[in-house]
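> what's the 3D shape of this:
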Amino acid sequence: PTRHAGIREGDTVLDLGSGAGNDVFVARRIVGPSGRVVGVDMTPEMIVRARANAAKLGYANVEFREGQVEALPVADASVDVVISNCVLNLVPDKPRAFAEIFRVLRPGGRFCISDIVASAALQPEIAEIAALYVGCIAGALPEARYLAVVGEAGFAGVTVGERKPIALDDEVLAQHLSPAAIEQFRASGVGLASITVVATRPRAA
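Okay, here's the model as predicted:
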């Protein structure tokens, strides 16, 4: 997501689902010493690891906080850019998650999120196979609905900066489905894609 986020020197950046801190450390190089990057993750073990990594590398302008995306431990209108890599589709309450992103962004601030979506609703058995094959798929919405949720949260200029199809090959499907079921799935035309979504919090209502 840092490739499309338009991060500038001096920005305050928030990374959702920061894990061991990889994207935080990438953003840190861009914002420079006058900027700041905060990572939020729901897993205490990952927070400990990320803080240890930052200390080992001597990074003073990064911070890691434990918290949920639906209830971010971040002040209102305090962030210039929000980034996230394949996390939002795992959040059960996506409207609440995007409302929280809207809340913490300053007016004129923007987010850039990479995520996995479906072209239409997946059959339960296909969703299960996809989860086994690519991970990071539980709760993936159809792309149109995903973008609608972003717009409903109040964001403007909602665009897809990049889209990459994710293929479920027949060998993987054959481990779980009959040939007839595979043929039916292929005929449906439903597929998965990784998308990078960019949007802005308007400066005024």
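
> Which helix or strand in this structure has the lowest average pLDDT?
helix 124-134 (a mean of 62; mean pLDDT, DSSP states H and E).

> So which residues of this structure form helices?
Here the chain has its helices, by DSSP state H, at 22-31, 44-57, 94-104, 124-134, 143-152, 170-174, 179-188.

> Report the contact partners of the nearest residue to Val150 once chain neighbours are set aside.
Among residues not flanking Val150 along the chain, Val158 sits closest, at 5.0 Å (CB to CB, 6 or more residues apart in numbering). For the C-beta atoms, the positions are set from N, CA and C on the backbone; glycine is no exception. By CB atoms under 8 Å, 6 or more residues apart in numbering, the residues touching Val158 are 147, 150-151, 197-199.

> Now do the lengthiest strand in the chain against helix 143-152, angle only.
The single longest strand within the chain, with elements called by DSSP state E, is strand 105-118. Strand 105-118 and helix 143-152 meet at an angle of 170 degrees, taking axes from the mean of the first three to the mean of the last three CA atoms, to 10 degrees as the criterion.

> Not counting sequence-adjacent ones, nearest residue to Cys112?
Nearest one to Cys112, counting by CB to CB, 6+ apart, is Ala5 at 3.6 Å.

> same thing with Tyr59?
Excluding its sequence neighbours, the residue lying closest to Tyr59 (CB to CB, 6+ apart) is Arg28, at 6.0 Å.

> Leu90 versus the residue nearest to Val150, what's the distance?
20 Å (CB to CB, to the nearest Å).

> Where does pLDDT dip in the chain?
121-139, 205 (pLDDT under 70).

> Run through the bridge partners of the closest residue to Pro44 other than its chain neighbours.
Spatial nearest neighbour of Pro44, excluding adjacent residues (CB to CB, 6+ apart): Glu66 at 5.8 Å. Here Glu66 sits in beta bridges with Asp41, as judged by DSSP bridges.

> Burial check on Glu66, number of neighbours?
Other residues lying near Glu66 total 13 when counted by other CB atoms under 10 Å.

> list the contacts for the closest residue to Leu57 other than its chain neighbours?
Nearest residue to Leu57, sequence neighbours excluded (CB to CB, 6+ apart): Phe25, at 7.1 Å. Contacts for Phe25 (CB under 8 Å, 6+ apart) come out as 53-54, 57, 59, 62.

> wait, which of those is closest to Glu70?
When the contacts of Phe25 are ranked by distance to Glu70 (CB to CB), Val62 comes first, at 23.1 Å.

> and Phe111, what does it touch?
Per CB under 8 Å, 6+ apart, neighbours of Phe111: 5, 81-84, 101, 105, 155, 197-199.

> Now for the residue lying closest to it once chain neighbours are set aside, how many residues are close by?
Nearest non-adjacent residue to Phe111, counting by CB to CB, 6+ apart: Val82, 3.9 Å away. Residues near Val82, counting by other CB under 10 Å, number 28.

> who's Val82 bridged to?
Bridge pairing for Val82 - DSSP bridges - gives Leu14, Phe111.

> List the residues that contact it.
Listed by CB under 8 Å, 6+ apart, the contact set of Val82 reads 13-16, 101, 104-105, 109-113.

> If anything else comes up later, I'll come back, but that's it for now.
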